[in-house]
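S.K.: turn this into a structure:
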Amino acid sequence: MPFHIASAIVALCLFVALYFSFRQRSPMRFVIALLGLLFVLVATYFIPNPEAVRAQTTGVTVEDFGDAKFKSFSALYASFLGAPLSPAGQFDGILSQWFRYGLLQFKQDNDSPIHPEFKNITLAPLGQARLKSTELSIDQDAKIPDNIRHYLDSKERNDFYAGFTPIQPPSSGSSAPLVQNFGDAAFKDFYDKYAVILGEPVAPAGDYQGFTVQWFEFGRVELHTDYDGSFTSQPQFPKLLMGLIGQEYLQQKGVLPDPQPGIAPILVAWRAQKAFEQDLLYFYGNPLTNPKVDTATGFTTQYFQRAAYQWPNGATDPNKVTRLSIGLEVFNNLKKSGLVTTPEKARQDYINYFYGLPLTKPIPDKNAGLNTMYFTRAVFQWPIASTDPTDVRQLPIGADLYDGLTTRQISPWASPGKVLFLTLSAVSLIVSLVFALVLKRGGRVYGRV
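M.R.: Residues are numbered from 1 along each chain as shown. Model prediction:
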């Protein structure tokens, strides 16, 4: 039962006690009930709503609501948001949820920086709201200092940008991109062994959907750092897997997978020729569709998880089978969509989305020994004499502003039971005062309690 509805019921009970104490001519009971009613009024106004307190001290659930995928978003970015403080609800007419470091909002018409996957989810400009509560103004010349930039760079954000970000700038001219090793991402060693299967490299190694990858003509090699290699057929490369490029290619073509696809006989023969030298499941995966016959082009196509094959309609000779350059085509489609970016642009997109633009230069407080800097969606502090990014602390402005709401808005006057509470309390108080006047004017003594 909501706290303030319960308070209203208590007020009603005290009103009943007032009525019967008057009828039974018991002034002492009348006074006790009146004092109790006044106590409930005062206590209910000043004590924060336990629903709000409980939201901060116990596990608040984060749920998805249709396109408002708060749960999915917070699962990826819990370190950016901090702990949830309240269940999702309407705030200023927008579906929102409060977190320690910010306010997550769902906007149908999103005019804020757009996340490539969660296009309607944004973070409210709480840093700007915090700045407005001070006497400070926005500084148009504000720039991000090095210690803040290094602090932001240290945050784990590999899964932020859905596009492809090269680790190194693409090579100039028409020369093919370099294939290099990057620790466990032994792309060069892998390519040296399987160049025939992979085809030519089409882009340098980079970040894509949270993985370090390299794109090739026929596929994409991915580094999965959390994979222990228990079931790999490549013990030399225990953390390298082939990406599901055929599945992505199928989605880009707008073709739906078939429920129980079978492998075309011509492909069975083709795969039999390769089985002795290749792990077919590792490199090509399972079929996603049955063979698709296209009379206009004269070719039949079949899509697999990691490959796509084509051959002339009616052909039975496995030597007529060709693999489509789906790695190259999917990558080129990313480029057309503007999802192939640079490391600097990806970093700036990430900063704009989670923190926004700098609104002030560092503001020193000599008494506290701290610099404070306001961003659109965040506020940072660090010791005045320090340039060490590890000394930077992000202030919990979501919690601070939400605490203000629990005192100012989450009160009897903004609770679900506010109408009932105010009505019963006002009636009880007015009637009790009338009773008191009747007792006084009657000048009677009604006996003892």
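
S.K.: for the stretch 251-400 of the chain, what spans make up the helices?
M.R.: 265-274, 280-284, 326-336, 343-354, 397-408 (DSSP state H, counting those that start in this stretch).

S.K.: worst mean pLDDT among those?
M.R.: In terms of mean pLDDT, the lowest-scoring of the helices of the stretch 251-400 of the chain is helix 397-408 (a mean of 76).

S.K.: restricting to C-alpha, output that one in PDB.
M.R.: This file holds the C-alpha atoms of helix 397-408, laid out as PDB (Å, rounded to 0.1, in the frame of the first residue of the first chain):
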ATOM      1  CA  ILE A 397      24.400  14.300 -10.100                       C
ATOM      2  CA  GLY A 398      21.600  11.800 -10.800                       C
ATOM      3  CA  ALA A 399      21.500  10.900  -7.200                       C
ATOM      4  CA  ASP A 400      21.800  14.500  -6.000                       C
ATOM      5  CA  LEU A 401      19.000  15.700  -8.200                       C
ATOM      6  CA  TYR A 402      16.800  12.700  -7.400                       C
ATOM      7  CA  ASP A 403      17.300  13.200  -3.700                       C
ATOM      8  CA  GLY A 404      16.000  16.700  -4.200                       C
ATOM      9  CA  LEU A 405      12.900  15.300  -5.800                       C
ATOM     10  CA  THR A 406      12.300  12.900  -3.000                       C
ATOM     11  CA  THR A 407      12.100  15.900  -0.600                       C
ATOM     12  CA  ARG A 408      10.400  18.300  -2.900                       C
END
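
S.K.: which other helices and strands contact it?
M.R.: Helices and strands touching helix 397-408, by 3 or more Cβ pairs under 8 Å, 6 or more residues apart in numbering; DSSP states H and E, are helix 50-57, strand 94-99, strand 102-106, helix 126-132. In this view, the C-beta of every residue, glycine as well, is placed from N, C-alpha and C.

S.K.: buried stuff in it?
M.R.: 397-399, 401-403, 405-406 (16 or more other Cβ atoms under 10 Å).

S.K.: make TSV from these and add distance to Thr297 to it.
M.R.: Below are these laid out as TSV (distance: Cβ to Cβ, whole Å):
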residue	distance to Thr297
Ile397	58
Gly398	56
Ala399	60
Leu401	60
Tyr402	60
Asp403	65
Leu405	62
Thr406	65
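
S.K.: just flag the most distant two among those residues.
M.R.: Farthest pair in those (Cβ to Cβ) is Ile397 and Thr406. Separation: 14.9 Å.

S.K.: give me the neighbour count for Gly338.
M.R.: Each residue near Gly338 was counted by other Cβ atoms under 10 Å, and the total is 9.

S.K.: I should have written Asp226 there, sorry.
M.R.: Asp226 has 5 nearby residues by other Cβ under 10 Å.

S.K.: also Pro257?
M.R.: 14.

S.K.: go through the buried residues of helix 397-408 and say which is closest to Ile326.
M.R.: Out of the buried residues of helix 397-408, the member with the shortest distance to Ile326 (by Cβ to Cβ) is Gly398, at 43.6 Å.

S.K.: surely the closest one meets Arg100?
M.R.: Yes: distance between Gly398 and Arg100: 5.3 Å, which falls inside the contact criterion (Cβ atoms under 8 Å).

S.K.: overlap of the contact sets of the two?
M.R.: Residues touching both Gly398 and Arg100 (Cβ atoms under 8 Å, 6 or more residues apart in numbering) are 81-82, 85.
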